[in-house]
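Chemist: whatever this is, show me its structure:
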Amino acid sequence: MIAQELPWYTGEDTGMEPGELHKAGLKATSARLRILEILREEQEHHLSAEDIYRRLLDAGDEVGLATVYRVLTQFEAAGLVARHNFATGHSVFELDSGCHHDHMVCMETGQVVEFLSDEIERLQREVAAAHGYELVDHSLVLYVRPRKDS
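Modeler: Here you go, the predicted structure:
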């Protein structure tokens, strides 16, 4: 198989508990806990700060948009979330699972598909080595649109 889609949301515990906030040097405030909860509930989606803010408002939580941005920045600095800047023009966030994966972004719908391809990973290492380098890290985003024949 060249690439496989990764169904991240399996209902399994990601290990992201309030104790993780303390380990990251962050207090377990109600805003941080609620944002962490939303990110856990929406593991199959990449959420913008505005998406999280809307979910908080819908749930009746009184958390400002500036607080959401600040908490997400703190989570990113602590390694709890990963920030992505796809072609949508704004940042989206996902819990940092510690598992490497790449992304495809549909240019028509904005849908983000996470995938892993051993073949792509191997080729990237080979390309780096052919140029005298060792691959340390990478980020791959494929911008796609639905095929007309499907």
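Chemist: so who does the spatially most central residue of the chain touch?
Modeler: Geometric centre of the chain, nearest residue: residue 94, 2.6 Å, by CA atoms, centre = their mean. Shown in contact with residue 94 (CB atoms under 8 Å, 6 or more residues apart in numbering): 39, 43, 45, 46, 47, 81, 82, 84. Every C-beta, even on glycine, is put in place using the N, C-alpha and C of the backbone.
Chemist: how is this protein divided into domains?
Modeler: 9-95, 102-144 (automatic domain parsing).
Chemist: pass me the low-pLDDT residue ranges in the chain, would you?
Modeler: The chain contains residues with pLDDT under 70 at 1-18, 88, 150.
Chemist: can you give me the helices in it?
Modeler: 18-23, 30-41, 49-58, 65-77, 118-130 (DSSP state H).
Chemist: between the ones you listed, which one is closest to residue 145.
Modeler: helix 118-130 (19.7 Å; CB to CB).
Chemist: so which bits of that closest one are buried?
Modeler: residue 120 (16 or more other CB atoms under 10 Å).
Chemist: can you offset everything so residue one is 19?
Modeler: I'll keep to 19 as the first residue from here, and by that count the last item is helix 136-148.
Chemist: roughly how far is that helix from the heart of the chain?
Modeler: Put simply, helix 136-148 sits 23 Å off its chain's centre (CA atoms, centre = their mean, to the nearest Å).
Chemist: what about dumping the CA coordinates of that helix to CSV?
Modeler: The C-alpha atoms that make up helix 136-148 are tabulated as CSV, following Å, rounded to 0.1, in the frame of the first residue of the first chain:
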residue,chain,number,x,y,z
ASP,A,136,6.2,4.3,4.1
GLU,A,137,7.2,4.8,0.5
ILE,A,138,7.2,8.6,0.7
GLU,A,139,9.1,8.5,4.0
ARG,A,140,11.8,6.2,2.4
LEU,A,141,12.1,8.4,-0.7
GLN,A,142,12.5,11.6,1.4
ARG,A,143,15.4,9.9,3.3
GLU,A,144,17.0,8.8,0.1
VAL,A,145,16.7,12.3,-1.5
ALA,A,146,18.3,13.8,1.6
ALA,A,147,21.1,11.2,1.6
ALA,A,148,21.7,11.7,-2.2
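Chemist: what helices or strands is it leaning on?
Modeler: Helix 136-148 is packed against no helix or strand, with contacts defined by 3 or more CB pairs under 8 Å, 6 or more residues apart in numbering; DSSP states H and E.
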